[in-house]
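**Q** just to be clear, the model below is a prediction. Sequence and coordinates:
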Amino acid sequence: MGNTSSMLTQYDIEELQEHCNHAFSQQEIVSLYHRFCQLDRNSGGFISADEFLSVPEFAVNPLSQRLLRMLDGLNFKDFVAFLSAFSSRTTLQQKIEFIFRVYDLDGDGKVSFNDILCVMRDLTGPFMSEQQRQKVLNHVLEEAGYTRDSSLVLSDFIKILGDSDLKMEVEVPID
Amino acid sequence: MVGLRSSSSEMDLDRPNIEEYLTTDSIEESPKKLHLRDLLDISPTLTEAAGAIVDDSFTRCFKSNPPEPWNWNVYLFPLWCLGVIIRYGILFPLRVAVLTAGWLVFFAAFIPAHFLLTAHNKWRRKIERKLVEMICSVFVASWTGVVKYHGPRPSMRPQQVFVANHTSMIDFIILEQMTAFAVIMQKHPGWVGFIQKTILEGVGCIWFNRTESKDREVVARKLREHIQGADNNPLLIFPEGTCVNNHYTVMFKKGAFELGCAVCPVAIKYNKIFVDAFWNSKKQSFTMHLFHLMTSWAVVCDVWYLEPQYIRPGETPIEFAERVRDMISVRAGLRKVPWDGYLKYFRPSPKLTERKQQIFAESVLQRLEEK
């Protein structure tokens, strides 16, 4: 019989590896493909927001709604590309680029005071007041030499996060 | 690994090992000023989200396990073909015949008993109970169930409730062939629903619809009434509320644990040597599931009746439920996951998200005060 849906050819896998800058080994890509098929319940070839939310561990994540705007309707190629930011083979700079993209949802290449505030709102929910959030953000921005009106670009993010010990790795289980 | 660890500990011998005195939490919470970097760095939350996308313990609970592929070669192939012919060509028709005969006998006795013995309630119930046990034995025989029961056989008495882990509706059949339990179950459509309504009501089973909250109240009331009656069949509850693949246990619903009576845990472990007994109700109808079982060589399983447990003073029903889940998981070799099985049907409550938000908000506020 054989599980035909799991048959990725060498060409497919190599193309995918190319697409994600070799962030994943061939085995990892096969594993990810199994996982993709598992999440894609109606076998439509893409994963809808609803299907992502059926994973409770994802649904309870404070940033899940924000991430869904990047994730909704991903096909396998984009799915791999999205997850490549979490590979141990991906450079720090690429990881920071990914974080930048999470902040910069409208994709204009700039992260404003409001963009950061939005993420903070997701992360703190009702446990910080809007005033507290603004106060905190104002304070740390000024301390780092920015103002409320300055908008951050990617190079700022690299400067700010570049020397921190950013640990953003997810291991792909291989069975 | 071992070599590495020993060499590093040798190096650290002369230094006091601070990690031993401080837990990791307290190290992380050491006063640090809040910088922009800390606020922008959302990598822990992102890592968690990506980790859940790549792999999560909840989905694992409901994953059907494909049969172990065996080492194919030319010699085994004819044997395998022979096996298929025997299983589908001989065993399956035989089993269908046994099942049909069983049902014929069952109805031939059940219908007269049900309608003619209305005056002798006690007799009628006894006969009905025996018949249900009989038909369940026929079901078990129809998949050549090799069931080993460990521990004392449950007897009828008030003030006790049996709880078991749940893999498939056949759990119920396997337990029922030994003792006629009254079970709390989800209402099913089709022929299963028909059997539920006509026959199993006779042994005192209670049906409800998971999605209706009004049903849940009714069930809670019926539960209390049921355990008071001395000549009621022992009550059986599957507190997970959904079928799990027999590798994991999901959280127990607390209903069975707040009745204030003895809770008798039952652990059921299936051996997957011939067939995976997990019923994935979203993928397969119960009829298909039975067909699957009836065309396999055998269903092998172990059933353990464990010691009755009582709620301890000062223990909440939820803690009690967790303790019983521990017992069952250990006995049947299952892993526990902290999820509610109903998440298959509902989204998780926002409270879980709020807890994460609270932790983050508190750490930010605390570190701001440190400045």
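**A** Yes, it's here.

**Q** any idea which helix or strand carries B:M185?
**A** strand B:182-186 (DSSP states H and E).

**Q** equivalent analysis for B:V250, please.
**A** Using DSSP H and E, the element containing B:V250 is strand B:248-251.

**Q** what pairs with that strand, parallel or antiparallel?
**A** Sheet pairing of strand B:248-251 (DSSP bridges) gives strand B:335-340 (parallel).

**Q** name the helices or strands packed onto the very next helix or strand once past the partner strand?
**A** Counting by DSSP H and E, the element after strand B:335-340 in chain order, helix or strand, is helix B:350-369. Of the remaining helices and strands, those touching helix B:350-369 by 3 or more Cβ pairs under 8 Å, 6 or more residues apart in numbering or on different chains; DSSP states H and E are helix A:113-124, helix A:130-143. (Glycine included, C-beta is placed from N, CA and C.)

**Q** tilt between the last one and helix B:350-369?
**A** With axes from the mean of the first three to the mean of the last three Cα atoms, to 10 degrees applied, the angle from helix A:130-143 to helix B:350-369 works out at 50 degrees.

**Q** send the alpha carbons of helix A:130-143 over as CSV?
**A** Taking Å, rounded to 0.1, in the frame of the first residue of the first chain, the C-alpha atoms of helix A:130-143 are listed here in CSV:
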residue,chain,number,x,y,z
GLU,A,130,-2.5,51.1,28.7
GLN,A,131,-0.8,53.9,30.6
GLN,A,132,1.6,51.5,32.3
ARG,A,133,2.5,50.0,28.9
GLN,A,134,3.2,53.5,27.4
LYS,A,135,5.2,54.5,30.4
VAL,A,136,7.4,51.5,30.3
LEU,A,137,7.9,51.7,26.5
ASN,A,138,8.7,55.4,26.7
HIS,A,139,11.2,54.8,29.4
VAL,A,140,13.1,52.0,27.7
LEU,A,141,13.0,53.8,24.3
GLU,A,142,14.5,56.9,25.8
GLU,A,143,17.1,55.0,27.7
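
**Q** picking up where we left off before, tell me the mean pLDDT for the helix or strand just after the strand holding B:M185?
**A** Downstream of strand B:182-186, the first helix or strand assigned by DSSP H and E is helix B:190-198. For helix B:190-198, mean pLDDT rounds to 85.

**Q** all strands of chain A, in order?
**A** Per DSSP state E, chain A carries strands over the ranges A:46-47, A:74-75.

**Q** so which of those is the most packed in?
**A** strand A:46-47 (a mean of 20; mean count of other Cβ atoms under 10 Å in any protein chain shown).

**Q** show me what it is packed against.
**A** So strand A:46-47, by 3+ Cβ pairs under 8 Å, 6+ apart, packs with strand A:74-75.

**Q** near chain B at all, the strand it packs on?
**A** No. In terms of Cβ under 8 Å from any Cβ of the partner chain, no part of strand A:74-75 sits within range of chain B; the closest distance is 10.0 Å.

**Q** tell me which other helices or strands the helix or strand following the strand holding B:V250 touches.
**A** Note on strand B:248-251: by DSSP H and E, the next helix or strand toward the C-terminus is strand B:262-271. With contacts taken as 3+ Cβ pairs under 8 Å, 6+ apart, strand B:262-271 sits against strand B:160-164, helix B:170-176, strand B:299-305, helix B:317-332.

**Q** make it 6 Å
**A** strand B:160-164, strand B:299-305, helix B:317-332 (3 or more Cβ pairs under 6 Å, 6 or more residues apart in numbering or on different chains; DSSP states H and E).

**Q** same question for that strand, mean pLDDT?
**A** Averaged over strand B:262-271, pLDDT sits at 94.

**Q** buried residues, it. List them.
**A** Under the neighbour-count criterion of 16 or more other Cβ atoms under 10 Å in any protein chain shown, strand B:262-271 has B:A262, B:V263, B:C264, B:P265, B:V266, B:A267, B:I268, B:K269, B:Y270 buried.

**Q** repeat that for stretch B:123-132.
**A** Applying a neighbour-count criterion of 16+ other Cβ under 10 Å, the buried positions in stretch B:123-132 are B:R124, B:R125, B:I127, B:E128, B:R129, B:L131, B:V132.

**Q** what helix or strand is the fifth one on?
**A** It stands for B:R129. Judged by DSSP H and E, B:R129 forms part of helix B:121-142.

**Q** spell out which residues of chain A are next to chain B.
**A** Residues of chain A lying near chain B by Cβ under 6 Å from any Cβ of the partner chain: A:55-63, A:67, A:86, A:123-125, A:127-128, A:136, A:140, A:144, A:160, A:164, A:166, A:168, A:170, A:172-173.

**Q** buried subset of the residues you listed as a ChimeraX selection?
**A** Remark: buried members of the residues of chain A next to chain B, expressed as a ChimeraX selection using 16+ other Cβ under 10 Å:
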select /A:55,56,57,58,59,60,61,62,63,67,86,123,124,125,127,128,136,140,144,160,166,168,170,172
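
**Q** for the residue nearest to B:Q228 when sequence neighbours are not counted, grab the count of nearby residues.
**A** Leaving aside its chain neighbours, B:Q228 sits nearest to B:P158 (6.2 Å; criterion: Cβ to Cβ, 6 or more residues apart in numbering or on different chains). Counted with other Cβ atoms under 10 Å in any protein chain shown, residues neighbouring B:P158 total 15.

**Q** likewise B:L94?
**A** 12.

**Q** where does the stretch 101-250 of chain B get nearest to chain A, residue-wise?
**A** B:V250 (10.6 Å; Cβ to the nearest Cβ).

**Q** can I get the buried residues of stretch B:123-132 in JSON lines including pLDDT?
**A** Shown next, in JSON lines, are the buried residues of stretch B:123-132 (pLDDT from 0 to 100):
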{"residue": "B:R124", "pLDDT": "86"}
{"residue": "B:R125", "pLDDT": "85"}
{"residue": "B:I127", "pLDDT": "88"}
{"residue": "B:E128", "pLDDT": "87"}
{"residue": "B:R129", "pLDDT": "87"}
{"residue": "B:L131", "pLDDT": "91"}
{"residue": "B:V132", "pLDDT": "90"}
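
**Q** of the residues you listed, which is the nearest to B:A109?
**A** Using Cβ to Cβ, B:L131 is the member of the buried residues of stretch B:123-132 that sits closest to B:A109, with 5.8 Å.

**Q** that closest one and B:V337, how far apart?
**A** According to Cβ to Cβ, to the nearest Å, B:L131 and B:V337 sit 39 Å apart.

**Q** in helices, which of the residues of chain A next to chain B fall?
**A** A:P56, A:E57, A:F58, A:A59, A:L67, A:L123, A:T124, A:V136, A:V140, A:I160 (DSSP state H).

**Q** could those be laid out in JSON lines, adding distance to B:I170 and pLDDT?
**A** Listed next are those as JSON lines, based on distance: Cβ to Cβ, whole Å; pLDDT from 0 to 100:
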{"residue": "A:P56", "distance to B:I170": "27", "pLDDT": "90"}
{"residue": "A:E57", "distance to B:I170": "30", "pLDDT": "90"}
{"residue": "A:F58", "distance to B:I170": "32", "pLDDT": "93"}
{"residue": "A:A59", "distance to B:I170": "31", "pLDDT": "92"}
{"residue": "A:L67", "distance to B:I170": "40", "pLDDT": "94"}
{"residue": "A:L123", "distance to B:I170": "46", "pLDDT": "93"}
{"residue": "A:T124", "distance to B:I170": "48", "pLDDT": "92"}
{"residue": "A:V136", "distance to B:I170": "57", "pLDDT": "90"}
{"residue": "A:V140", "distance to B:I170": "59", "pLDDT": "90"}
{"residue": "A:I160", "distance to B:I170": "58", "pLDDT": "89"}
